[in-house]
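Student: Next comes the sequence, and after it the predicted model I'd like to discuss.
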Amino acid sequence: MTLIAGAQGAPTGLALDSAGFEILDQAECFSLLSKVTLGRVAVTIGALPAIFPVNFCMVAGQVVFCSGEGTKLTAALSGTIVAFETDWATRGEVWSVQLVGASRVVEPATDLAAAELAALRSLAPVPRRYLVKITPERISGRRLPVRSRLE
């Protein structure tokens, strides 16, 4: 872990990884997850990774997305551990958040408040009838430090 020096040369307290990215704490990762709606879920098919784009929302600290019949739903029905990633890149901000956790099919009446999910709609042309949640077991994130973005 490295600390960034501020304008006067004093450390700012930002922890950096070996590539010079700021290491984000759990609270900041959850905050960033709540600001975007497009991510990627990674599952295993026959011991090989497969990654699917999904639109999602955060509800009670869990990633929730729509799914049709297929790989993502099969994983959720069996409680498979999956990976999820989302990021943001603009001239003024660059970050990435990853999490790993169990996926499950949501039972809206008993599991999550239906009102919170009302805005979640699949972007797919074919309707997605199921909601899937990922409960994070591990979460991590990185951000390009402000100093580097300005150079």
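Tutor: Alright, I've got the coordinates.
Student: okay, CA-based contacts and neighbour counts for the rest of this
Tutor: Fine.
Student: measure Met29 to Thr44 for me?
Tutor: Small correction: residue 29 is Cys, not Met. Counting by Cα to Cα, to the nearest Å, the separation of Cys29 from Thr44 is 24 Å.
Student: Can you pick out the residue with more neighbours from those two?
Tutor: Taking other Cα atoms under 10 Å, Cys29 and Thr44 do not tie; Cys29 has more neighbours (21 against 16).
Student: which regions of this protein sit below the pLDDT cut-off?
Tutor: When residues are selected by pLDDT under 70, those of the chain lie in 1-13, 108-128, 146-151.
Student: In it, what residue spans correspond to helices?
Tutor: For the chain, the helices defined by DSSP state H cover 26-33, 71-77, 114-117, 146-150.
Student: what about Leu16, how many residues close to it?
Tutor: 19.
Student: can you give me the strands for the chain?
Tutor: Here the chain has its strands, by DSSP state E, at 2-5, 11-16, 22-24, 38-45, 48-59, 62-67, 81-90, 93-105, 130-143.
Student: Dump the ones you listed to JSON lines, plus distance to Leu73.
Tutor: As requested, the strands of the chain are exported to JSON lines (distance: least, Cα to Cα, whole Å):
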{"stretch": "strand 2-5", "distance to Leu73": "41"}
{"stretch": "strand 11-16", "distance to Leu73": "37"}
{"stretch": "strand 22-24", "distance to Leu73": "30"}
{"stretch": "strand 38-45", "distance to Leu73": "10"}
{"stretch": "strand 48-59", "distance to Leu73": "12"}
{"stretch": "strand 62-67", "distance to Leu73": "6"}
{"stretch": "strand 81-90", "distance to Leu73": "12"}
{"stretch": "strand 93-105", "distance to Leu73": "7"}
{"stretch": "strand 130-143", "distance to Leu73": "7"}
